[in-house]
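Peer 1: Model the following, please.
(chains A and B)
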Amino acid sequence: MCVGRTKGKRRRVITNKYIAKSPAIAARLLGGEMMVMSAVDSTFFTLNEVATAIWLAADGGTTLAEIVDRKVCQEFDVDREEAERDADQFVNELSQHGILLVSDQPIVNLPAPPEMQ
Amino acid sequence: MSLLAEMNQKALQLGVPISVHLDITYRCNERCVHCYLDHDDHGEMTTGEIADVLTQLADAGVFFLSLSGGEVLMRRDFFEIVELARQLRFNVKVKTNGVMIGKKEAARIRDLGVEQVQISVYSHRPEVHDTITKLPGSLKRTIQAIRFLKSQGLKVTIANVLMAGNFFDNAGVIALAKELGVSYTLDPTITPKMDGDRSILALRLPGSDLQQVFHNQELVGDVEQFCAPPPPPGEDVMEGYPCSAGHTACYISPYGDVFPCVQFPLPSGNVRRQKFLDIWRNSAQLKEVRSIRAKDLTVCSACAHVGTCTRCPGLAYMEGSMRGPSTADCEKSFQRTGIPSANMMLGGQVGSVGPLIQIRPMA
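Peer 2: Residues are numbered from 1 along each chain as shown, chains lettered A, B, ... in the order given. All right, here's what the predicted structure looks like:
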């Protein structure tokens, strides 16, 4: 459960963000952690459980705020404000490497492969 | 420990096959003098069968997928296979001779998100390279392919198999790699042919040439460190595994046969008859491979090189025992350090090969 309150400004920032996995990545779940590698620059990441939950929910049609509400706050014992801050930082970092796509509009027409567990 | 090494360690602990080498065909447009394969189609898996295998591999947790052959582009469905592999989010590496890669193919490989392309180059001189591949004009076409791939921004590695016929050209290939802006890797390993023909082992580099390779700073980095005498092995070494074959990696042939490694022809199951995970988890052969620790090796456990040798259990298997020495690696350890291996001191003939156990279908 998320226990914190969200301040309006921060909330608005992530509410408008739609996120989707880039097609130019390789990814696989290993023991609860997602391994992700960029096919563009071979940057390699491992995502912890919370980041993995955000990653799995990044379908291009759900906002980051909804993902934090439905996935992070429902499944992990975290403070909402902290969760949003961390999620925002996580998304910014991965988007800089082209691993996550971010838009203020729903992201459509991306191939949607089955997510392997 | 790097992040990748950590993931490999985690895969080992969890029993996950993190890397798979899949040969999609043994057919080839080159006839390299040192090649261990035949080049006929004895019933390759269909596109549908490969699609099913790829899905199973993804379910099993495979992350690194090497697609190789034969020449991968001899399959008309090559791009279909790569596309599916990428949809399943594998990290895909393609091994090819590049002869069939033009502008269009290079762009397609880039668009599909292939992480790396490895291309075989035997010499910077057409008269040497083309003699090895037995395909006139092949070096020119291969270099052109590398340029096309590079122009698409792809990561390309030149793989330079060193043998008696091209040893003196390795500096030329390194210079070529630099000129093309690609990575270079060398491999001095020649293995027996699938049909049991051992004649190609005569192509192996003689010891004196290996010694030169191992003392070449450009190839090995810090020569003093690389060629240093082996330290006494600790308990961790004796309790350790020989390599990733069968532990976190395996090989699948174009006919669906599963082996611990492409260089370890111990038939362990067939994906046409069993689910991949069933083979991976329950194959008696893979379990035997996994049971072997350095302390169990018949000769090598008492060898000074046991902690630093590149001993290949597959080559050892081809010489008669997966727990025995691999004489080719004894030679490498000796030429690297000047210290004879335990096998050599026992009279094991370097360069000899005992009764061969070749790739064959499961009984």
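
Peer 1: Quick check: phi and psi on residue A:63?
Peer 2: Main-chain torsions, residue A:63, degrees, to the nearest 10: phi -80, psi 160.

Peer 1: so what's the residue lying closest to residue A:32 once chain neighbours are set aside up against?
Peer 2: Spatial nearest neighbour of residue A:32, chain neighbours left out: residue A:49 (5.8 Å); criterion: CB to CB, 6 or more residues apart in numbering or on different chains. Quick note: C-beta positions are derived from backbone N, CA and C, even for glycine. Going by CB atoms under 8 Å, 6 or more residues apart in numbering or on different chains, residue A:49 touches A:32-33, A:76.

Peer 1: Out of the residues you listed, the closest to chain B would be?
Peer 2: Proximity of the contacts of residue A:49 to chain B (CB to the nearest CB) peaks at residue A:33, which lies at 7.9 Å.

Peer 1: Let me know the pLDDT of residue 82.
Peer 2: No chain was given, so I picked chain A. At residue A:82, the model reports a pLDDT of 88.

Peer 1: Oops, wrong one, chain B.
Peer 2: Taking residue B:82 on its own, its pLDDT is 98.

Peer 1: ok, residue B:57 - contacts?
Peer 2: Counting by CB under 8 Å, 6+ apart, residue B:57 has contacts B:17, B:20, B:22, B:65, B:88, B:90, B:276.

Peer 1: swap that for residue B:90, sorry
Peer 2: A:26, A:28, B:54, B:57-58, B:62-65 are the contacts of residue B:90 under CB under 8 Å, 6+ apart.

Peer 1: want to try CSV for the residues you listed, with secondary structure and distance to residue A:103 as columns?
Peer 2: Formatted as CSV, those follow (DSSP: H, G, I helix; E, B strand; the rest coil; distance: CB to CB, whole Å):
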residue, secondary structure, distance to residue A:103
A:26, strand, 22
A:28, strand, 25
B:54, helix, 30
B:57, helix, 32
B:58, helix, 27
B:62, coil, 31
B:63, coil, 28
B:64, strand, 31
B:65, strand, 30
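
Peer 1: for these, which one is nearest residue B:313?
Peer 2: residue B:64 (19.9 Å; CB to CB).

Peer 1: bridging residues for that closest one?
Peer 2: Residues in a beta bridge with residue B:64, per DSSP bridges, are residue B:19, residue B:91.

Peer 1: Would you mind measuring from it to residue A:38?
Peer 2: 14 Å (CB to CB, to the nearest Å).

Peer 1: and what of residue B:83?
Peer 2: For residue B:83 relative to residue A:38 (CB to CB), the value is 19 Å.

Peer 1: now do residue B:162
Peer 2: For residue B:162 relative to residue A:38 (CB to CB), the value is 32 Å.

Peer 1: do the same with residue B:40
Peer 2: 39 Å.

Peer 1: residue contacts, residue A:99?
Peer 2: Residue A:99 touches A:21-22, A:25, A:36, A:38, A:43, A:45, counting by CB under 8 Å, 6+ apart.

Peer 1: Report the buried residues of the longest helix along chain A.
Peer 2: What stands out as the longest helix in chain A, according to DSSP state H, is helix A:80-96. Neighbour counts over helix A:80-96 (16 or more other CB atoms under 10 Å in any protein chain shown) mark A:80-81, A:83-88, A:90-91, A:94-95 as buried.

Peer 1: now swap in stretch B:127-144 and tell me
Peer 2: B:128-133, B:135, B:138-139, B:141-144.

Peer 1: pLDDT below threshold where in the stretch 101-250 of chain B?
Peer 2: Within the stretch 101-250 of chain B, not a single segment meets pLDDT under 70.
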